[in-house]
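>>> The sequence and its predicted three-dimensional model are supplied below.
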Amino acid sequence: MRMPCVTVALAVCLSLAGCPSYTTPIAPPSMLTDEQQNFEDVFLASQDVLIDYGFDIDRRDRRRGEVTADPMLAMHLFELWRRDAKTGFDYAEGALQKIFIVPRVRIERMSPGSKEFIGTVTVERLRSSTPEKVPHSSWFIERGAPSVGGTGPRVTGGVPNFVSLGQDEALATRIAADIAAAATARRARTAYRR
C-alpha cells in the first residue's frame with residue numbers, strides 16, 4: 001500500500017516541477033524604439049497576411065527578417081474562398097495538375113538609413129514531378145508509366161520532386177499590398193496605445 005502512495009506523490013511532485021513559467025519579454029512593446037516597433041509591425045503583419053491567405057508558416061526568422069511558408073497546393077476551380085488565383089489560366093492550371101505556391105517575405109528598409117520597413121514578397125510556383133499515385137489491387141502505381149521490363153505497372157513512392165515554373169508576380173504584389181495595409185493598421189493601433 002505504501003508503494004502506490006509514494007509513486008503517486010512522486011508523480012505529483014514531478015508534474016508540478018515540470019510546469020513552465022512564462023517570463024515577460026525582454027523589451028515590452030511600449031519600450032521599443034520607433035524603428036524597432038516599425039520592424040515588429042511589418043514582421044507580425046506579414047505572418048498574419050500569409051495565414052489569411054491559407055499558408056502554414058514554416059519559418060519565422062527575426063534576425064534575418066524572413067518569413068517563409070510551406071508549399072501549398074494552388075487554388076482549384078471550385079475553391080472560391082481562396083485568394084491565390086485570379087486569372088483563368090491559374091484556375092485551369094490548378095485543376096489539371098498539382099501546382100504548389102511557396103511565398104517568402106523578406107523585411108527590408110524602404111531605403112538605406114530609413115527607419116521604415118517594408119515586406120518584399122516573392123512567390124514561386126512549383127509543379128510536382130512525381131506522378132499521381134492511384135490505388136490499384138492494393139498497390140500504389142503510376143498512372144500510365146511503363147514498368148521495368150514491361151511486365152506491368154511500376155510501383156512508386158518517396159518524396160515528390162518540384163520543378164520551378166517561375167515567379168508569380170501578381171500574387172506577390174497582392175500579398176505585399178496586404179502586408180503594407182496590415183502593418184499600417186497595426187502601427188495605428190500601436191500609436192493609439194502609446
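Structure received.
>>> Name the spans of this structure whose pLDDT lies under the cut-off.
1-3, 10-30, 77, 80, 83, 85-86, 129-160, 191-194 (pLDDT under 70).
>>> in it, which spans are helices?
With DSSP state H as the criterion, the chain has helices at 2-17, 34-52, 88-96, 169-193.
>>> Between these, which one is closest to residue 113.
Closest to residue 113 of the helices of the chain is helix 34-52 (CB to CB; 10.8 Å). Where C-beta positions appear, they are placed from N, C-alpha and C, glycine not excepted.
>>> just checking, what packs against the closest one?
Helix 34-52 sits against strand 57-61, strand 66-69, strand 99-109, strand 117-128, helix 169-193, with contacts defined as 3 or more CB pairs under 8 Å, 6 or more residues apart in numbering; DSSP states H and E.
>>> List the buried residues of that helix.
For helix 34-52, burial by neighbour count (16 or more other CB atoms under 10 Å) applies to 37-43, 45-47, 49-50.
>>> CA atoms of it as CSV?
Below are the C-alpha coordinates for helix 34-52, written out as CSV (Å, rounded to 0.1, in the frame of the first residue of the first chain):
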residue,chain,number,x,y,z
ASP,A,34,10.1,53.6,-33.3
GLU,A,35,12.4,51.8,-35.7
GLN,A,36,12.1,48.5,-33.7
GLN,A,37,8.3,48.9,-33.5
ASN,A,38,8.1,49.5,-37.3
PHE,A,39,10.0,46.3,-37.9
GLU,A,40,7.9,44.4,-35.5
ASP,A,41,4.7,45.7,-37.1
VAL,A,42,5.8,44.6,-40.6
PHE,A,43,7.1,41.2,-39.3
LEU,A,44,3.8,40.4,-37.5
ALA,A,45,1.7,41.7,-40.3
SER,A,46,3.5,39.5,-42.8
GLN,A,47,2.7,36.4,-40.7
ASP,A,48,-0.9,37.4,-40.3
VAL,A,49,-1.4,38.0,-44.1
LEU,A,50,0.2,34.7,-45.0
ILE,A,51,-2.1,32.9,-42.6
ASP,A,52,-5.1,34.8,-44.0
